[in-house]
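Participant: Below: sequence and its predicted model.
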Amino acid sequence: MPESHTSLQGQLILDGGKLHGSFFHRSVVLICQHNAEGAFGLILNRGTENKVGQALVANLPDIVKEQPLFIGGPVQPQALSFLHSDEYLPDANVMTNLNLGHSIDALMDLGESFSATQKLKLFAGYAGWSPGQLDNEMTRLDWLVHPASLALVFHAEPEQLWKKIMKQKDANSRMLADSPDDLSWN
C-alpha cells in the first residue's frame with residue numbers, strides 16, 4: 001500500500017535551524033507545486049542587487065524591467081519564474097489569487113496590462129525536490145511549515161521575512177530568530 005502524501009502546495013517552509021551552512025540557511029520557501037512526482041518552490045527572501053532588466057535581454061515593458069530580481073533557488077539559476085497576483089485570478093495555480101509562470105511571453109503580457117491591483121515577483125532559479133525528497137526532509141524536521149499569504153509572498157522587506165515569521169512561532173523559534181547568523185558571534 002503506498003504511503004499517503006500531504007501536499008504542501010501554497011504553504012511556506014522555513015529553515016527551522018537545521019540548515020546552517022546550506023543554500024537554504026534562514027530561507028523562506030513558497031511551495032508552488034508538490035505531488036508524488038516531487039516539489040517545486042521559490043525562495044522568497046533571497047534578493048539580488050539586480051533589477052530584472054539587468055538580467056534579462058528580452059524587450060520587456062519598463063514596469064517589469066524595474067522589478068527586483070530574486071534568487072529562487074539553486075536549481076537552474078538561468079531559469080526564469082515569476083509569481084503574479086491580482087484581486088481576482090480564477091485560474092491561479094499556486095493558491096488563491098497567486099499564479100506561477102515561466103514564459104517570457106506571459107511576462108510581457110502582464111507588463112503591458114499591469115495595473116495597481118497586480119503584484120509581481122521574479123526569480124532566477126528555483127528549489128526542486130525529487131519524488132519523496134521533501135517529504136523525507138519534513139519527516140526529519142528540517143523545515144517548519146507556515147501558512148502562506150499574499151502579504152508574506154510580496155512582503156515589503158523580504159530580507160526580514162524569515163525573522164518575522166519565526167518570531168510568530170514557538171519560543172525556540174523566537175529565540176533562533178534573535179540569534180546571530182553565526183552562533184560563534186555569541
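Facilitator: Thanks, I have it.
Participant: From one end of stretch 140-152 to the other, what's the distance?
Facilitator: Terminal residues of stretch 140-152 lie 25 Å apart, using CA to CA, to the nearest Å.
Participant: buried stuff in it?
Facilitator: Under the neighbour-count criterion of 16 or more other CB atoms under 10 Å, stretch 140-152 has Asp142, Trp143, Leu144, His146, Ala148, Leu150, Leu152 buried. Where C-beta positions appear, they are placed from N, C-alpha and C, glycine not excepted.
Participant: Now, those residues that are in strands?
Facilitator: Using DSSP state E, the subset of these located in strands is Trp143, Leu144, His146.
Participant: now the helices for this protein?
Facilitator: For the chain, applying DSSP state H gives helices covering 52-55, 62-65, 104-112, 133-139, 150-153, 161-166, 171-178.
Participant: Send me the third one as PDB with only the CA atoms.
Facilitator: Backbone C-alpha positions of helix 104-112 (Å, rounded to 0.1, in the frame of the first residue of the first chain) are rendered in PDB as follows:
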ATOM      1  CA  ILE A 104       8.600  35.500 -21.300                       C
ATOM      2  CA  ASP A 105       5.500  36.000 -23.500                       C
ATOM      3  CA  ALA A 106       3.200  35.800 -20.400                       C
ATOM      4  CA  LEU A 107       5.500  38.200 -18.600                       C
ATOM      5  CA  MET A 108       5.400  40.600 -21.400                       C
ATOM      6  CA  ASP A 109       1.600  40.400 -21.500                       C
ATOM      7  CA  LEU A 110       1.500  41.100 -17.700                       C
ATOM      8  CA  GLY A 111       3.800  44.100 -18.100                       C
ATOM      9  CA  GLU A 112       1.700  45.600 -20.900                       C
END
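Participant: That helix: which residues count as buried?
Facilitator: Buried, per 16+ other CB under 10 Å, within helix 104-112: Ile104, Leu107, Leu110, Gly111.
Participant: Hmm, the third one is touching Gln67, no?
Facilitator: Which is Leu110. No - under the criterion of CB atoms under 8 Å, Leu110 makes no contact with Gln67, lying 10.5 Å away.
Participant: what's the pLDDT at the closest residue to Leu42 other than its chain neighbours?
Facilitator: Nearest in space to Leu42, with sequence neighbours left out and distances taken as CB to CB, 6 or more residues apart in numbering, is Gly72 at 4.2 Å. Note for Gly72: predicted pLDDT of 98.
Participant: Neighbours of Ile31, how many?
Facilitator: Ile31 has 24 neighbouring residues, counting by other CB atoms under 10 Å.
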